[in-house]
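K.L.:
Build the 3D model from these lines:
(one chain, ligands or ions: 1)
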Amino acid sequence: MTRLGFLLESDSCIGCHACTVACKSEHDVPIGVNRTWVKYIESGSFPDTDRHFSVMRCNHCDDAPCMTICPTSALFRAPNGVVDFNDDDCIGCKSCMNACPYDALYINPETNTAHKCNFCNHRIEVGLEPSCVVVCPTNAIKVVDFDDPGHPVAREIAGADTAVRAPEQGTLPKVHYRGAHEAALDPKLSSIPTDGMIWADTTSDHPTVPGTPSAEEVRTAYTTPHPMVWGWKVSAYLVTKSIAAGVMAIAALLVALGHADVTAAVGVVPPMVAGAFLALTGLLLVVDLKQPLRFHYLLTRANRSSWLVKGSYFLLAFAVICAAWWIAGLAEAETLLAVLAVPAVLLGACAAGYTAMLFGQCEGRDLWQSHWVLPTLLAQAVVAGAAAFTILDVAMYVPSPRAIQWALLGGLVALGSFIALETLTASERHVQMALSTLTRGRYRFQFWVGAVAIGLVLPLALVIVQIAAGLDGSALPALAGIAAAVGLVAYEDAFIRAGQSVPLS
Ligand code: SF4
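P.N.:
Next up is the predicted model:
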C-alpha cells in the first residue's frame, strides 16, 4: 500500500513562488485561482520583525470531508492515497469548498468544476515527482509515503517536531509542516492589515479576522483570495423548502383537528403551495450549480454518503406525498388525507431538516455544525407554514385560524429560543468569530433588524395581541405572517454568509 503526503519545510522556504508557478504551468491553472500558494506572515514590531513563508495546498486527508460531501464522487481516493478529482463528474455544487477546512479547492472559471492539488498524479504514475517538488530551489517540498515507515522522509517526520493544519477537524491531514509559524497554519491568529497586503489585493468578501488574539503582533502579508461560495440562492432554498414543509405540517394539523372535509384550504391548496415552493427549491438548487445541466448526476452518479444526495431523495419523496395529498383532496377522500398526514409531517420534517446534516458535513464551517441548527430549521418550518396559512386566510376560508395563530406563536418562541441558545452558548473560537460577524459585524443590521425585530418581535407582538384580545379578523395575523417570512429570509441569508466569514487559510 502507498499513502502519499508532503513534508513542507517552512524553515527552508525562501518565498520564491516557484512552486506556485510550476503548478500553474503544469495544470494550466487560470489567473485568480491557485492549487498551491505561498502564504506570508509577518510578526513582531519594528525594528524587531520577521517574515515567515508557508506553502498552502490540499492535505490529501485520510478522512477527507470533501470526498464524503461530494454528491457525485467526483472527488475520489486514488490507489496511492492521494485525493484526486474527475472533471467529468463534477456538477459544481461547491459543497466540497465548504467541507474542506483548508481552502484547498476552487472553481476553475474555464471548466466550471472544482479543482485542487492532485499531487500531479499524472506525473507520479510515470515515476516522476510533482512539479512543485522538482522546481523548489531549497528542497522545502518533499514527498512522503506514510505507509512506508522506512521511507527517509517518513523517518524525518517521525523524528522532527512537525505540525498539521487544523488537526481539531479530525481530517487526518497528510501534509506536515516543519518550522511553520503557528499563525501561518491557523488563519484565526492573524489578520490582513487594513492598509492591505504587500503586493496583492483580496476580494471584498474574502474572510478576514477581526483583531488578532495573539500576544505577538502578527499580520497576513500575503495570501490568495477565497470568496464565499454559497450566497442568496442557498439561503433562499432554505426558506422555500421551509415553506413547503411547514404548509403541509399545518394542513396535517387541520386534518387532525377534524377539518379534512374543507376541500380547498386543507385538501387542495396546501399541496399546491407546497409543490410550487418545492419546485422553486429545486430550481434554486439547479441554478446554483456551476454545471446546471449535470443536475441529474445527483441521482445517476449518486454518492449516498453525501447529504446533498440524501436531501434530494427526501425532497423527491416529499413531492410525491404532496401530489398524493392533492389528488386525495380533489377526490375529497377524507380518510386518505388522514392516512397521508403522518408521512406528510415526517417527510416534510426530513425535507426541512436534512440541511442540518449537510451543514454537519461542512467541516470548514463550524457555525453550521452547531446542534441547534436542526431544531432551528424545524422551528422555521412551523413558522413558515403558519405564516403561509395566515396569509391564505385573507383570501379564502381557513378553518381553526386560532390554532394556526397558536402554531405561529409557538414556532416563533421556539425559533427565538434556539437562535438565542445558538448565539449565547458558543465557546469555540471559530464559531465565536462567525457569531461576532453575525451579531456585531457585517451582518448585524440584517440580524437585529431583519431577523430579530421584524422576524421575531413584531409577529410575536401582533399574534399575542390577536389572541389576548380575542380578535377575529385576519389582518393582524397576516401582517405577522409577512413579517415572520421577511425575518426568515433575513436570518437565513445572514447565517449562511456569517458561516463563511471565518478565514480557513
Ligand atoms: Fe484536500 Fe480539503 Fe479534501 Fe482534505 S478536505 S483532501 S485538504 S480538498
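K.L.:
For the closest residue to D147 other than its chain neighbours, which residues are in contact?
P.N.:
With sequence-adjacent residues excluded and distances taken as C-beta to C-beta, 6 or more residues apart in numbering, D147 is closest to R3, at 4.2 Å. To be clear about C-beta, it is placed using only N, CA and C from the backbone, and glycine gets the same treatment. Each residue near R3 by C-beta atoms under 8 Å, 6 or more residues apart in numbering is listed here: D62, N80, G81, D145, F146, D147, K174.
K.L.:
Can you flag which of these belong to strands?
P.N.:
Counting by DSSP state E, those place D145 in strands.
K.L.:
The one helix or strand L315 maps to: what's the following helix or strand?
P.N.:
Following DSSP states H and E, one finds L315 within helix 307-330. Beyond helix 307-330 on the C-terminal side, the first helix or strand identified by DSSP H and E is helix 334-360.
K.L.:
Tell me which residues of that next one come out buried.
P.N.:
334, 336-337, 340-341, 343-345, 347-356, 358-360 (16 or more other C-beta atoms under 10 Å).
K.L.:
Could you give the average pLDDT over that helix?
P.N.:
For helix 334-360, mean pLDDT rounds to 98.
K.L.:
Who are the packing partners of that helix?
P.N.:
helix 232-256, helix 307-330, helix 373-395 (3 or more C-beta pairs under 8 Å, 6 or more residues apart in numbering; DSSP states H and E).
K.L.:
closest to L289 out of those helices?
P.N.:
Closest approach to L289 among the helices and strands packed on helix 334-360 (C-beta to C-beta): helix 232-256, 9.6 Å.
K.L.:
just to revisit the earlier point, and the helix holding L315, how far from the chain's centre?
P.N.:
24 Å (C-alpha atoms, centre = their mean, to the nearest Å).
K.L.:
Can I get it as PDB, trimmed to CA atoms?
P.N.:
The C-alpha trace of helix 307-330 is given here as PDB (Å, rounded to 0.1, in the frame of the first residue of the first chain):
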ATOM      1  CA  TRP A 307     -26.400  14.700   2.400                       C
ATOM      2  CA  LEU A 308     -26.900  16.500  -0.800                       C
ATOM      3  CA  VAL A 309     -27.900  13.200  -2.300                       C
ATOM      4  CA  LYS A 310     -30.000  12.100   0.700                       C
ATOM      5  CA  GLY A 311     -31.600  15.500   0.700                       C
ATOM      6  CA  SER A 312     -32.600  15.100  -2.900                       C
ATOM      7  CA  TYR A 313     -34.300  11.800  -2.100                       C
ATOM      8  CA  PHE A 314     -36.200  13.400   0.800                       C
ATOM      9  CA  LEU A 315     -37.300  16.300  -1.500                       C
ATOM     10  CA  LEU A 316     -38.500  13.900  -4.100                       C
ATOM     11  CA  ALA A 317     -40.300  11.600  -1.600                       C
ATOM     12  CA  PHE A 318     -42.000  14.700  -0.100                       C
ATOM     13  CA  ALA A 319     -43.100  15.900  -3.500                       C
ATOM     14  CA  VAL A 320     -44.700  12.500  -4.100                       C
ATOM     15  CA  ILE A 321     -46.600  12.800  -0.800                       C
ATOM     16  CA  CYS A 322     -47.800  16.300  -1.800                       C
ATOM     17  CA  ALA A 323     -49.000  15.100  -5.100                       C
ATOM     18  CA  ALA A 324     -50.900  12.200  -3.400                       C
ATOM     19  CA  TRP A 325     -52.400  14.700  -0.900                       C
ATOM     20  CA  TRP A 326     -53.500  16.900  -3.800                       C
ATOM     21  CA  ILE A 327     -55.200  14.000  -5.600                       C
ATOM     22  CA  ALA A 328     -56.900  12.900  -2.300                       C
ATOM     23  CA  GLY A 329     -58.000  16.500  -1.700                       C
ATOM     24  CA  LEU A 330     -59.500  16.800  -5.200                       C
END
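K.L.:
Taking helix 334-360 as reference, get the angle to that helix.
P.N.:
160 degrees (axes from the mean of the first three to the mean of the last three C-alpha atoms, to 10 degrees).
K.L.:
So which residues on this structure come close to the ligand?
P.N.:
58-61, 64-66, 83, 100, 102, 104-105, 116, 171 (C-beta under 6 Å from any ligand atom).
K.L.:
was I right about T36 contacting C23?
P.N.:
Yes. Contact criterion C-beta atoms under 8 Å: T36 and C23 qualify, at 5.0 Å.
K.L.:
Neighbour count: the two, which is higher?
P.N.:
Between T36 and C23, T36 has the larger neighbour count (other C-beta atoms under 10 Å), namely 26 against 22.
K.L.:
list the contacts for that one?
P.N.:
Here T36 is in contact with C19, T20, C23, V55, M56, R57, C117, C132 (C-beta under 8 Å, 6+ apart).
K.L.:
ok, it to N59 distance?
P.N.:
Distance from T36 to N59, counting by C-beta to C-beta, to the nearest Å: 12 Å.
K.L.:
Can you get me a residue count around D201?
P.N.:
9.
K.L.:
looking at this, it is in a helix?
P.N.:
No. Under DSSP: H, G, I helix; E, B strand; the rest coil, D201 falls outside any helix and is assigned coil.
K.L.:
Nearest residue to it in space, ignoring adjacent ones along the chain?
P.N.:
According to C-beta to C-beta, 6+ apart, the nearest residue to D201 is P225 (7.7 Å).
K.L.:
For the one you found, give me the pLDDT.
P.N.:
89.
K.L.:
before we move on, what about the one 3 residues further on?
P.N.:
As summarised for this prediction, M228 has a pLDDT of 95.
K.L.:
Also V255?
P.N.:
In this prediction, V255 carries a pLDDT score of 98.
K.L.:
now A215
P.N.:
pLDDT, read off for A215, is 49.
K.L.:
Can you tell me the closest non-neighbouring residue to whichever residue of the stretch 201-350 of the chain sits closest to the ligand?
P.N.:
Residue of the stretch 201-350 of the chain nearest the ligand, by C-beta to the nearest ligand atom: H226 (12.2 Å). Among residues not flanking H226 along the chain, D103 sits closest, at 4.7 Å (C-beta to C-beta, 6+ apart).
K.L.:
Could you pull out the helices in the stretch 101-250 of the chain for me?
P.N.:
121-124, 131-135, 152-158, 182-185, 232-256 (DSSP state H, counting those that start in this stretch).
K.L.:
So which other helices or strands are in contact with the fourth one?
P.N.:
This points to helix 182-185. For helix 182-185, the packing partners by 3+ C-beta pairs under 8 Å, 6+ apart are strand 37-45, strand 48-56.
K.L.:
Pull out the buried positions in the first one.
P.N.:
Within strand 37-45, the residues that qualify as buried by neighbour count (16+ other C-beta under 10 Å) are W37, V38, K39, Y40, I41, E42, S43.
K.L.:
just stretch 270-278 next, same as before
P.N.:
P270, P271, V273, A274, G275, F277, L278.
K.L.:
Need the mean per-residue confidence for it.
P.N.:
Here the average pLDDT along stretch 270-278 is 98.
K.L.:
picking that back up, which elements pack onto the helix holding L315?
P.N.:
Helix 307-330 packs on helix 232-256, helix 269-287, helix 297-300, helix 334-360, going by 3+ C-beta pairs under 8 Å, 6+ apart.
K.L.:
List the contacts of the third one.
P.N.:
Residues lying outside helix 297-300 but in contact with it, judged by C-beta under 8 Å, 6+ apart, are P71, T72, D89, I91, L308, V309, S312.
K.L.:
What count of nearby residues applies to the third one?
P.N.:
In this case it means D89. 19.
K.L.:
residue contacts, V175?
P.N.:
G5, F6, L8, R57, C58, N59, H60, V164, R165.
K.L.:
how about 6 Å then?
P.N.:
By C-beta atoms under 6 Å, 6 or more residues apart in numbering, the contact list for V175 reads G5, F6, N59.
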